[in-house]
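Undergrad: Structural data only, the sequence is not supplied:
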């Protein structure tokens with residue numbers, strides 16, 4: 001039943017997106033295999049407008065304090081994985097890792113929260129941890145226009161165009177040894193956020209123009 005409801009909401013989000021925001025999608029997500037989709041996060045409308053651009057069912061890592069108790073249960077049933085901020089949430093990451101190993105798609109916002117300015121934030125290392133434990137590919141994605149649709153503090157969405165752009169999947173060589181693990185997490189997260197910046201044609205958080213990293217294959 002949750003699958004039927006998920007796809008009903010997917011269709012509804014797609015229709016609303018096209019009517020209200022001239023929503024369009026550039027690029028695709030691989031049709032098979034477990035993977036991460038990593039996207040920028042600028043607005044509360046990111047999840048539905050990202051989700052309806054993915055033609056596979058997806059699960060979403062998101063902050064655990066966003067919704068009231070009753071709504072939380074429904075959203076978890078549909079595929080939301082509540083993530084506690086401020087520390088490593090092993091339960092949430094284990095759930096995401098298990099889904100990827102089962103061949104599922106998991107969506108992560110590597111910045112760890114919404115940007116309040118529209119600019120990209122530094123990526124958190126949790127993204128790299130999931131890659132290290134699954135060996136999965138990462139599909140970078142950039143949502144252009146969602147900050148204008150519903151910026152922080154806005155009460156109602158504005159009718160602004162939104163484009164979702166997917167990049168080519170990124171694969172990473174595993175860390176050479178235990179001493180390289182932390183560095184691997186940082187390199188993966190940095191590479192992905194720079195690819196996201198390149199898709200959006202915006203500066204990466206370090207202020208440099210986006211560039212690939214040597215560990216991406």
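TA: Received the coordinates, thanks. Nothing here was measured: the structure is a model prediction, and the numbers come from that model.

Undergrad: Which residue ranges of this structure form strands?
TA: 24-26, 35-39, 58-63, 80-83, 105-108, 137-144, 163-166 (DSSP state E).

Undergrad: how about those strands, which one is nearest residue 184?
TA: Nearest to residue 184, of all these, is strand 137-144, at 13.1 Å by C-beta to C-beta. Any C-beta I mention is one placed from the backbone N, CA and C, and that applies to glycine too.

Undergrad: mind checking which helix or strand of this structure has the lowest mean pLDDT?
TA: Lowest mean confidence among the helices and strands of the chain (mean pLDDT, DSSP states H and E): helix 69-78, at a mean of 71.

Undergrad: What is that one packed up against?
TA: Judged by 3 or more C-beta pairs under 8 Å, 6 or more residues apart in numbering; DSSP states H and E, helix 69-78 is in contact with helix 2-21, strand 80-83.

Undergrad: what about residue 73, how many neighbours?
TA: 12 (other C-beta atoms under 10 Å).

Undergrad: any idea how far residue 2 is from it?
TA: According to C-beta to C-beta, to the nearest Å, residue 73 stands 12 Å off from residue 2.

Undergrad: re earlier: make JSON lines out of the strands of the chain and add mean pLDDT, mean neighbour count and distance to residue 95.
TA: As requested, the strands of the chain are arranged in JSON lines below (pLDDT from 0 to 100; neighbours: other C-beta atoms under 10 Å; distance: least, C-beta to C-beta, whole Å):
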{"stretch": "strand 24-26", "mean pLDDT": "98", "mean neighbour count": "16", "distance to residue 95": "27"}
{"stretch": "strand 35-39", "mean pLDDT": "97", "mean neighbour count": "25", "distance to residue 95": "13"}
{"stretch": "strand 58-63", "mean pLDDT": "88", "mean neighbour count": "20", "distance to residue 95": "8"}
{"stretch": "strand 80-83", "mean pLDDT": "85", "mean neighbour count": "21", "distance to residue 95": "5"}
{"stretch": "strand 105-108", "mean pLDDT": "96", "mean neighbour count": "25", "distance to residue 95": "9"}
{"stretch": "strand 137-144", "mean pLDDT": "98", "mean neighbour count": "24", "distance to residue 95": "18"}
{"stretch": "strand 163-166", "mean pLDDT": "98", "mean neighbour count": "21", "distance to residue 95": "24"}
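
Undergrad: Need those in JSON lines (columns: distance to residue 190).
TA: Below are these laid out as JSON lines (distance: least, C-beta to C-beta, whole Å):
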{"stretch": "strand 24-26", "distance to residue 190": "24"}
{"stretch": "strand 35-39", "distance to residue 190": "12"}
{"stretch": "strand 58-63", "distance to residue 190": "19"}
{"stretch": "strand 80-83", "distance to residue 190": "20"}
{"stretch": "strand 105-108", "distance to residue 190": "15"}
{"stretch": "strand 137-144", "distance to residue 190": "12"}
{"stretch": "strand 163-166", "distance to residue 190": "20"}
